[in-house]
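*Asks:* sequence and predicted model, in that order:
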Amino acid sequence: MRREPVNGKSAGVTETERMLADFCERSFLKLWSYPNPFKDDGHELCDLLAVFDNHVFIFFDRENELPEGPDKDPKVVWDRWKRNVIDRQVKTAHGAERYIRSGRPIFMDAKRTAPFPLHIDARKAVIHKIIVAHGAKEACERASPDNVYGSLAIAYTETDGGPSQPFHIEIDRRKPVHILDSHNMPIVLGELDTVSDLSTYLDEKVRAASAFDHLTYCGEEDLLGHYLLNYDEVKKRHVIGPKNENEAVNGIMIGEGEWHDFIQTDLYKNTKTVDRVSYFWDELIQRTCQNSLDGTLGGNSNIFRGESAIYEMVKEPRFMRRGLAEKMLTAAQRFPDTGQFARQVTFLPSYQPNVAYVLLQLRAPDAYRAEPDYREKRTGLLEIACGAAKNKFPNLVKVVGIGIDAPKFSGGKNAEDFILMPCETWTEEMRSYYEEQNKHWNFFGTPNLRQHNDRVNQFVPPPRPSKPARSGKIDRNDRCPCGSGLKYKRCCLER
């Protein structure tokens, strides 16, 4: 039985659809992921449609238990399951892409009364078709003791989509579709839980599928593990396959267990620990999205049209959110304790080139904060700080302003203001205006200004243990107790 949409937005029909919707709402956030949209003929377009910037993600969720028994031919059963769960959805996914690229309307309900709220530019759209196939995990595990998780093996090659060996799926590399399953869907959407991280991975996967005669792996999680560990320092991005494009390689095979081994490392475990603070950034975005839906958002944002501070904040990948959140929380802790009226600005560079954030914290007496136009005054001050940042750093093309009452003194009650200042075009008149406005406040011009150069890495090794004491109890040829894996004579003895 179909759930009725809430505020025009479906919550998903089946349990697996609702799980998919939950993961996508965390990754794409409240305003950019919509379960069960409809075509203009009243039929469903897909199970979930997510749109952000020029990236369009079409999800299909299919559940069909793969039956087993002594009287059943495994090959016949597999071919039937694959036709129903994979092949038909691949065709439907290609059809959904054609529909979107045709520019025909999309609706939120079968009666076609509520239009899809986001604009899709069919000419610029990068469309990813994703099928989540449930029902084969247990049968896959029983079929092979070497299958660690019961994931489906995938091969991107030139194929007609015909019969294949059980638990192996061939996808036409010329028209790639991404296949996830019950096990690795939570892994992929859980690890790549920002629009930036997920779209970059899928873009690279499509590139690799096109570049090689075949791209084969034992489970999507294994390909993800290979991708995350295979960073190209020259290109400054993760890649699938060899980093040197001149290598004579015509196919890629990723072995079983890449993901299993990766998540056992101290590097992975420590990174997950330090990433916890990054979800402060997510909470800030989610709360603001809800304020936008409730009509209580302050500032100049137009989130649905992409003209907003929040839109820029969503672009940040996970590791950059960690760095930004750490700096914001540190700035809040260091807010000065003196003065009834006090303010502090913090300048934070974005992962996006020539984009930056300005965090304005303000302390004011309760009576002043209770005045009807207080938020308006705070937003005006935030605008001046953003203009001062542009004057200080002329290379900026966008400045995102975040205004809050200093958490140290707000008593746990706070409301944020956000502004987006596009400033790629910056006339002499605009420069002079904000220079004049800033004379009283002197943002980014005080002698107390402090500059820090920080490096944020995607993966963070655990702290090195203290240097072990040199004693006769340790053989120079033993593995060093510091955990490096090197012999003691080549490690801590030589430091």
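*Replies:* Sure, I can see it. Numbering: from 1, shown residues only.
*Asks:* which residue ranges form the strands in the stretch 201-350 of the chain?
*Replies:* In order along the chain, the stretch 201-350 of the chain carries the following strands (DSSP state E, counting those that start in this stretch): 214-217, 231-232, 237-238, 251-254, 298-299, 342-349.
*Asks:* could I get those in JSON lines, plus columns for mean neighbour count, distance to Ile404 and mean pLDDT?
*Replies:* Every residue, glycine included, has its C-beta placed from N, CA and C. JSON lines is the format used below for the strands of the stretch 201-350 of the chain (neighbours: other Cβ atoms under 10 Å; distance: least, Cβ to Cβ, whole Å; pLDDT from 0 to 100):
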{"stretch": "strand 214-217", "mean neighbour count": "20", "distance to Ile404": "45", "mean pLDDT": "94"}
{"stretch": "strand 231-232", "mean neighbour count": "14", "distance to Ile404": "35", "mean pLDDT": "92"}
{"stretch": "strand 237-238", "mean neighbour count": "15", "distance to Ile404": "34", "mean pLDDT": "94"}
{"stretch": "strand 251-254", "mean neighbour count": "16", "distance to Ile404": "45", "mean pLDDT": "94"}
{"stretch": "strand 298-299", "mean neighbour count": "19", "distance to Ile404": "11", "mean pLDDT": "52"}
{"stretch": "strand 342-349", "mean neighbour count": "19", "distance to Ile404": "11", "mean pLDDT": "93"}
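*Asks:* turn the ones you listed into JSON lines, including distance to Ala364.
*Replies:* Compiled in JSON lines, the strands of the stretch 201-350 of the chain are given as follows (distance: least, Cβ to Cβ, whole Å):
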{"stretch": "strand 214-217", "distance to Ala364": "57"}
{"stretch": "strand 231-232", "distance to Ala364": "46"}
{"stretch": "strand 237-238", "distance to Ala364": "45"}
{"stretch": "strand 251-254", "distance to Ala364": "57"}
{"stretch": "strand 298-299", "distance to Ala364": "16"}
{"stretch": "strand 342-349", "distance to Ala364": "8"}
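*Asks:* closest one to Ser151 among the ones you listed?
*Replies:* Taking Cβ to Cβ as the criterion, strand 214-217 is the member of those that comes nearest to Ser151, at 9.1 Å.
*Asks:* and that closest one, C-alpha only, in PDB?
*Replies:* Extracted in PDB, the C-alpha atoms of strand 214-217 (Å, rounded to 0.1, in the frame of the first residue of the first chain):
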ATOM      1  CA  HIS A 214      36.600  -4.600 -19.100                       C
ATOM      2  CA  LEU A 215      36.300  -3.500 -15.400                       C
ATOM      3  CA  THR A 216      35.600  -6.400 -13.200                       C
ATOM      4  CA  TYR A 217      35.200  -6.700  -9.400                       C
END
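*Asks:* quick one: contacts of it?
*Replies:* Under the criterion Cβ atoms under 8 Å, 6 or more residues apart in numbering, residues 153-157, 173, 205, 208-209, 223, 226, 240-241, 250-254 lie in contact with strand 214-217.
*Asks:* can you rerun that using 6 Å?
*Replies:* With Cβ atoms under 6 Å, 6 or more residues apart in numbering as the contact definition, strand 214-217 has outside contacts at Ile154, Ala155, Tyr156, Thr157, Ala208, Ala209, Leu223, Gly251, Ile252, Met253, Ile254.
*Asks:* for stretch 177-186, same thing?
*Replies:* Stretch 177-186 has contacts (Cβ under 6 Å, 6+ apart) with 90, 93, 129-134, 137, 149-152, 154, 169, 171, 188, 219-221.
*Asks:* still on that earlier bit, nearest to Cys24, of the strands of the stretch 201-350 of the chain?
*Replies:* Nearest of the strands of the stretch 201-350 of the chain to Cys24, taken as Cβ to Cβ: strand 237-238 at 21.9 Å.
*Asks:* can you redo the contacts of strand 214-217 as CSV with distance to Arg450?
*Replies:* Shown next, in CSV, are the contacts of strand 214-217 (distance: Cβ to Cβ, whole Å):
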residue, distance to Arg450
Ile154, 51
Ala155, 54
Tyr156, 51
Thr157, 56
Ala208, 44
Ala209, 48
Leu223, 44
Gly251, 53
Ile252, 48
Met253, 51
Ile254, 46
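*Asks:* what about Gly103, how many neighbours?
*Replies:* Residues contacting Gly103 under the criterion other Cβ atoms under 10 Å number 10.
*Asks:* show me the contacts for the residue nearest the centre of the chain.
*Replies:* Of all residues in the chain, the one closest to the mean position by Cα atoms, centre = their mean is Thr194, 1.0 Å from it. Applying Cβ under 6 Å, 6+ apart to Thr194 gives the contacts Pro317, Arg318.
*Asks:* Lys408 too?
*Replies:* Shown in contact with Lys408 (Cβ under 6 Å, 6+ apart): Phe335.
*Asks:* tell me the SS of it?
*Replies:* Using DSSP: H, G, I helix; E, B strand; the rest coil, the secondary structure recorded for Lys408 is helix.
*Asks:* now do it, the pLDDT please.
*Replies:* Predicted confidence (pLDDT) for Lys408: 87.
*Asks:* and Leu486, by the same measure?
*Replies:* On the pLDDT scale, Leu486 gets 56.
*Asks:* which regions of the stretch 251-400 of the chain sit below the pLDDT cut-off?
*Replies:* Low-confidence segments of the stretch 251-400 of the chain, defined by pLDDT under 70, span residues 291-306.
*Asks:* helices of that one, residue ranges please.
*Replies:* 258-262, 266-274, 279-294, 309-314, 318-333, 366-369, 374-392 (DSSP state H, counting those that start in this stretch).
*Asks:* switch those helices over to a markdown table; also include mean neighbour count and distance to Asp417.
*Replies:* Supplementary listing: these in a markdown table, determined by neighbours: other Cβ atoms under 10 Å; distance: least, Cβ to Cβ, whole Å:
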| stretch | mean neighbour count | distance to Asp417 |
| --- | --- | --- |
| helix 258-262 | 19 | 41 |
| helix 266-274 | 14 | 29 |
| helix 279-294 | 17 | 10 |
| helix 309-314 | 23 | 9 |
| helix 318-333 | 19 | 15 |
| helix 366-369 | 12 | 13 |
| helix 374-392 | 20 | 5 |
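*Asks:* grab the nearest non-local neighbour of Lys390.
*Replies:* Cys423 (4.7 Å; Cβ to Cβ, 6 or more residues apart in numbering).
*Asks:* burial count for that neighbour?
*Replies:* Using other Cβ under 10 Å, Cys423 has 21 neighbouring residues.
*Asks:* does it touch Ala389 like I think?
*Replies:* No: between Cys423 and Ala389 no contact is recorded; they are 9.0 Å apart, counting by Cβ atoms under 6 Å.
*Asks:* who's in contact with Tyr201?
*Replies:* Residues Leu192 are the ones in contact with Tyr201 under the rule Cβ under 6 Å, 6+ apart.
*Asks:* for Asp373, see how far away it is.
*Replies:* Relative to Asp373, Tyr201 is positioned 46 Å away (Cβ to Cβ, to the nearest Å).
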